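J.: only geometry, no sequence info:
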C-alpha cells in the first residue's frame, strides 16, 4: 500500500515568509506526527494529531502550527520564517489507537530559508 | 530535562566488526523503546522495538537490542556489520502516558569494505 506522502519535497523561502507543508498518511492511519530534523539537533518533536485533534505538542514557538483534516491528511504551517527554520520536516503516521510509537515516516520536506 | 541520549555521534567500523551503539533515557516508569534507521537517501524505518517481556529483542537485518531497566539503557548490537549497514541510527522512547515518540540525536555509522 502507498506510504506516507509529503509535499512539497523541496522549497526555498526567505525570512519573514510563511510556509505550509502537507502530509498524506498511510490509508487507515489516524495519527500524524511532525518532526523537525537538523544535523545538530536530530529529530525534534513538533506535534501529533489524532482524529483532527492535537494530542501532543513539542517545545516549539507558536509560529509553528498544524492541523488535521477529517481524511487524516495533515498540514503544518510556519509563519514569519527565520534562518534557523531551515530543516528537513518529517511527517509520520500510525494507526493511532494506542501510542505504540511504531511510526511510518515520509521522505520529508526540505525547507531552506534564505 | 527528560531526554534520550545516544553516546556516540559517529562510529567508523570495518566490515565484520562488531557493533554496539549506546542509548540511555531519563524517563521513569514504563516506556516503549525503539531503534530506527535511516539509510542514505531513504526515509526513516523501524529497526526493532521493545514493549515488554524478554529484554533481548531481535530486529531486522541481524540487529538486536537489550533493555536494561536498572541502567535505563537500550543498546543496539550487531555481531558482524556489513557495508550496507552504513546509515544513521536513532534511539527513540515513548515516555510513560505520553503520546509522542522522543528521539535521540542519532549515531552515524560508517562501515568500510
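T.: Perfect, thanks for sending it. This is a predicted model, so every value here is computed, not measured.
J.: can I assume residue A:16 is in contact with residue A:83?
T.: No: in this structure residue A:16 lies outside contact range of residue A:83 using CB atoms under 8 Å: 10.8 Å. Using the backbone N, CA and C atoms, a C-beta is placed for each residue, glycine as well.
J.: Whichever residue of chain A sits closest to chain B pairs with what?
T.: Using CB to the nearest CB, the single residue of chain A nearest to chain B is residue A:42, 3.5 Å away. Counting by DSSP bridges, residue A:42 is bridged to residue A:38.
J.: where's it relative to residue B:75, distance?
T.: Distance, residue A:42 to residue B:75, using CB to CB, to the nearest Å: 18 Å.
J.: For chain A, give me the ranges with low pLDDT.
T.: Residues of chain A meeting the criterion pLDDT under 70: A:1, A:97-101.
J.: And stretch A:3-17, what's buried?
T.: A:4-6, A:13 (16 or more other CB atoms under 10 Å in any protein chain shown).
J.: what does chain B put close to chain A?
T.: Contact residues, chain B versus chain A (CB under 8 Å from any CB of the partner chain): B:32, B:34, B:42-46, B:49, B:51, B:90, B:92-94, B:98-106.
J.: Filter these down to just the buried residues.
T.: Using 16+ other CB under 10 Å, the buried ones in these are B:32, B:34, B:43-44, B:46, B:49, B:90, B:92-94, B:98-106.
J.: Give me the subset of these that lies in helices.
T.: In helices, judged by DSSP state H, none of those are found.
J.: could you pull out the strands for chain B?
T.: B:4-6, B:10-14, B:19-21, B:23-25, B:32-38, B:45-50, B:56-58, B:64-68, B:73-78, B:87-94, B:102-103, B:107-112 (DSSP state E).
J.: do the same with chain A
T.: Using DSSP E, strands in chain A cover A:5-7, A:10-13, A:19-24, A:31-38, A:42-50, A:53-57, A:64-68, A:74-78, A:87-94, A:104-105, A:109-113.
J.: The third one close to chain B?
T.: What that stands for is strand A:19-24. No: on the criterion CB under 8 Å from any CB, strand A:19-24 is out of touch with chain B, staying 12.5 Å away.
J.: Which positions in that strand come out as buried?
T.: A:19, A:21, A:23-24.
J.: Quick check: residues of chain A near chain B?
T.: A:3-4, A:33, A:35, A:41-45, A:48, A:50, A:55-56, A:58, A:90, A:92, A:99-103, A:105-108.
J.: could you redo the last one with a cut-off of 6 Å?
T.: A:42-43, A:45, A:48, A:55-56, A:99, A:101, A:103, A:105, A:107 (CB under 6 Å from any CB of the partner chain).
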